[in-house]
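1. Okay, predicted coordinates and the sequence, questions at the end:
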Amino acid sequence: PEGTGTRGDHYMNEWERVLTRVPWYPVMGNHEYYNDAFFFRYLNQTAGLLYGAARNSGSGSGRFHSVDVGLVHIVNLDYNVYYGMDEDFRATQLTWLHKDLATASAPAQRQKVPWIHVVAHMPLYCSSITYDGEYVNPADANGPLPPYQG
């Protein structure tokens, strides 16, 4: 039943054999927003995994963070803020992102970790978005991230 946690438990149980053997980092999505807990269940469930990434990347948040895995710098973003959810959080994430990308793009760092991979649950560009069957024009949702100049 929705809201009891059994759906998420089932999902994690199915992936347990894989997730115990390879690095994985959850990313915030719209389902975490709509569970009536405003992301708190997600943040509580992933606190141990994301605490180090959030602390080490300087984001201080499990909603967005970065981590180096081998030769790849992985940046996890919360795109909910670009689709009408918790828009006040947008500036905080964007300020952190510019700083993180500047650090990751520094020539000495690129020698050690040459690849930068940015991920999010939702697409950056989309011709249409629907939530609960209601069409939302992406341009009305304040569009995508502004281009990074670095």
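-> Nice, thanks for sending it over. Numbering: from 1, shown residues only.
2. for V118, helix, strand, or coil?
-> Following DSSP: H, G, I helix; E, B strand; the rest coil, we place V118 in the strand state.
3. Neighbours of it, how many?
-> Look at V118: counted by other Cβ atoms under 10 Å, it has 16 neighbours. Yep, even glycine has a C-beta here, placed from its N, CA and C like the rest.
4. Tell me which residues touch the closest residue to it other than its chain neighbours, please.
-> Sequence neighbours aside, V75 is the residue nearest to V118 in space, at 4.5 Å (criterion: Cβ to Cβ, 6 or more residues apart in numbering). By Cβ atoms under 8 Å, 6 or more residues apart in numbering, the residues touching V75 are F64, H65, S66, L97, D100, L101, A104, I116, H117, V118, V119.
5. Any idea what the third one is bridged to?
-> S66 has these beta-bridge partners by DSSP bridges: V75.
6. Which other helices and strands does the biggest helix by length in the chain contact?
-> As assigned by DSSP state H, the longest helix anywhere in the chain is helix 90-105. Packing partners of helix 90-105 (3 or more Cβ pairs under 8 Å, 6 or more residues apart in numbering; DSSP states H and E): strand 72-76, strand 115-119.
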